[in-house]
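K.L.:
Dropping a prediction and its sequence here:
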Number of protein chains: 6
Amino acid sequence: MKISARNRLKGKIVEVTKGATTAHVRLDVNGTIVTASITNEAVDELKLAVGKEAFAIVKASDVMIGIDD
Amino acid sequence: MKISARNRLKGKIVEVTKGATTAHVRLDVNGTIVTASITNEAVDELKLAVGKEAFAIVKASDVMIGIDD
Amino acid sequence: MKISARNRLKGKIVEVTKGATTAHVRLDVNGTIVTASITNEAVDELKLAVGKEAFAIVKASDVMIGIDD
Amino acid sequence: MKISARNRLKGKIVEVTKGATTAHVRLDVNGTIVTASITNEAVDELKLAVGKEAFAIVKASDVMIGIDD
Amino acid sequence: MKISARNRLKGKIVEVTKGATTAHVRLDVNGTIVTASITNEAVDELKLAVGKEAFAIVKASDVMIGIDD
Amino acid sequence: MKISARNRLKGKIVEVTKGATTAHVRLDVNGTIVTASITNEAVDELKLAVGKEAFAIVKASDVMIGIDD
């Protein structure tokens, strides 16, 4: 499937932590850690595991801009 | 200010396009383009302009994970 | 690509309205109209047009529940 | 209350799973399962339970569009 | 309709600016201005206008926390 | 850091509840309780605790408008 979300950052999964319903998945993207909070079910369905390649995907309207003071 | 949002990707602004109310700001983050859809007012207040350093900031609950089929 | 977003509603595009930077795409999903607010660039890249089949995709953390009073 | 969110999908609750702080509520919407990740408190306040009618409500800016490759 | 979104801030509309597709609505909430970016259609449907009472409604998963350095 | 998010509501933390992965932080903002659903890690990093001053921060595209029927 192709999706309208503008942002796709390629990385490698470095941590998968399942909670009661919500999991945290961490990717190493060029040395920066990106954290995704997704459902446990998505982790199972996509078979996400440490060491696999994955993309962090973000809709443009969910990206903010920050600048140093 | 320090903020709870988990994801902060450093880049350089390569495009600022203002619409009627909504602007698109594009950052080059290690060679990957990240697009943010923010208000025109935020562009003005932060004086965002091509060539400046900035961060793409994303709350963890707004990050999805994708994998190649 | 497979994506972690839990919600995928199949429909047919009934309207595409581009604004200055932001487009509205409307799908007919089993007789209910679903509106997506996405970037003009995504409309172009996916070649979205009236009559085409498409999916409305929503992350579970972006879904609220309402009940009648 | 009337709300600006554009998308309202009527369904029947088929599952309510509470976690430590976050609950997953699943609706059957015309045969498609829609998952909402909401707070446990909202589940209690709205008395959400299997078999009740409810709406999945989504802001237009949280809807993405996908197409088959 | 009752909705699962946890946050409801009562205010008075002080500005409505329509763009090509996206409108900005500003509320005065106890002296603090709150800006909502919603569709033009929602502005029309709810007949939003300066001087009217309204609520800013936000899902808990869309709220971040900031602290002064 | 300065951030593009338009909405910043000053309050005092009245509750911090950590779940397995997701925490709920409640602020008293002029007598209205605002609930944020954030990661446990953000709670630790910002040392969020009852009685501290903090801001609820929300991107304009995550704010909906509601009106009484």
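P.N.:
Nice, thanks for sending it over.
K.L.:
only C-alpha atoms for contact and neighbour calcs from this point on.
P.N.:
OK.
K.L.:
Mind naming the longest strand for chain A?
P.N.:
Longest strand in chain A by number of residues, with DSSP state E as the criterion: strand A:7-18.
K.L.:
List the residues that contact the nearest residue to residue A:55 once chain neighbours are set aside.
P.N.:
Nearest non-adjacent residue to residue A:55, counting by C-alpha to C-alpha, 6 or more residues apart in numbering or on different chains: residue A:10, 4.5 Å away. Counting by C-alpha atoms under 8 Å, 6 or more residues apart in numbering or on different chains, residue A:10 touches A:29, A:53, A:54, A:55, A:56.
K.L.:
picking that back up, check which element follows the longest strand of chain A along the chain.
P.N.:
Note on strand A:7-18: by DSSP states H and E, the next helix or strand toward the C-terminus is strand A:22-29.
K.L.:
how far is the next helix or strand after that next one from where the chain is centred?
P.N.:
Next in sequence after strand A:22-29, counting helices and strands by DSSP H and E, comes strand A:32-39. Offset of strand A:32-39 from its chain centre (C-alpha atoms, centre = their mean, to the nearest Å): 4 Å.
K.L.:
now stretch A:49-65
P.N.:
With C-alpha atoms, centre = their mean as the basis, stretch A:49-65 stands 4 Å off its chain's centre.
K.L.:
start to end distance for that stretch?
P.N.:
Using C-alpha to C-alpha, to the nearest Å, the end-to-end distance of stretch A:49-65 comes to 30 Å.
K.L.:
related to what we said a few turns ago, ok, so of the contacts of residue A:10, who is nearest chain D?
P.N.:
Nearest to chain D among those, counting by C-alpha to the nearest C-alpha, is residue A:56 at 15.1 Å.
K.L.:
okay, now the closest one: neighbour count?
P.N.:
For residue A:56, the count of nearby residues is 27 (other C-alpha atoms under 10 Å in any protein chain shown).
K.L.:
what's the answer for residue A:39, then?
P.N.:
By other C-alpha under 10 Å, the residues close to residue A:39 number 27.
K.L.:
what are the C-alpha coordinates of the longest strand of chain A, in PDB please?
P.N.:
Taking Å, rounded to 0.1, in the frame of the first residue of the first chain, the C-alpha atoms of strand A:7-18 are listed here in PDB:
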ATOM      1  CA  ASN A   7       7.500  11.400   6.400                       C
ATOM      2  CA  ARG A   8       9.300   8.100   6.300                       C
ATOM      3  CA  LEU A   9      12.500   7.700   8.200                       C
ATOM      4  CA  LYS A  10      14.400   4.500   7.700                       C
ATOM      5  CA  GLY A  11      16.000   2.900  10.800                       C
ATOM      6  CA  LYS A  12      16.700  -0.300  12.700                       C
ATOM      7  CA  ILE A  13      14.600  -1.400  15.700                       C
ATOM      8  CA  VAL A  14      16.600  -1.200  18.900                       C
ATOM      9  CA  GLU A  15      13.900  -1.800  21.500                       C
ATOM     10  CA  VAL A  16      10.400  -3.200  21.700                       C
ATOM     11  CA  THR A  17       8.600  -2.800  25.000                       C
ATOM     12  CA  LYS A  18       5.100  -4.000  25.400                       C
END
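K.L.:
Give the pairing partners of that strand; include direction for each.
P.N.:
Partner strands and pairing direction for strand A:7-18 (DSSP bridges) are strand A:22-29 (antiparallel), strand A:53-58 (antiparallel).
K.L.:
what's next to the first one, contact-wise?
P.N.:
When contacts are taken as C-alpha under 8 Å, 6+ apart, the neighbours of strand A:22-29 outside the stretch itself are A:9-18, A:33-40, A:43, A:54, A:56, D:22, F:21-22.
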